[in-house]
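**Student:** When you get a sec, could you give me coordinates for this:
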Amino acid sequence: HMERESKEVTTEKGNVIKIKAFFTQSERVQIQKILAGDSTVKESDGEAETKVADLLEAQAKAVQLAIISINGDVTSPFEQLTQNLPASEYDAVSKVVMAMIQSDLEVAK
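**Tutor:** Residues are numbered from 1 along each chain as shown. From the prediction side, this is the model:
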């Protein structure tokens, strides 16, 4: 079993957050499904809200799939990130993760 390539994001607060360097196809599909809004069927007037909600949900899913460890600690890193650290730390990680998806989707076109 190949060790998956990873990269590190050092946040403003000095936390070193290790994330996967890329998404596998199955991970990407999970994220794309959320982005496509498969999980929700809403009336057309609620579409704008759905898109924002889907985006946030997809973002969280992507971060959850990508995150490996925080400062070397592999114990529930997503929970640590979302519950124990400032929201700005989550934003820092999610920016990097969303950029990965962005480039994935560009390639997929």
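**Student:** For Ile68, list the residues it contacts.
**Tutor:** 6, 18-20, 74, 77 (C-beta atoms under 8 Å, 6 or more residues apart in numbering). Where you see a C-beta, it was placed from the backbone N, CA and C, and this is true even at glycine.
**Student:** What ranges does this structure have for its strands?
**Tutor:** 6-10, 16-20, 67-70 (DSSP state E).
**Student:** Mind putting these into TSV with distance to Leu35?
**Tutor:** Converted to TSV, those look like this (distance: least, C-beta to C-beta, whole Å):
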stretch	distance to Leu35
strand 6-10	22
strand 16-20	18
strand 67-70	19
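**Student:** could I get these as CSV with distance to Met98 and mean pLDDT?
**Tutor:** As requested, those are exported to CSV (distance: least, C-beta to C-beta, whole Å; pLDDT from 0 to 100):
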stretch, distance to Met98, mean pLDDT
strand 6-10, 12, 96
strand 16-20, 11, 97
strand 67-70, 13, 98
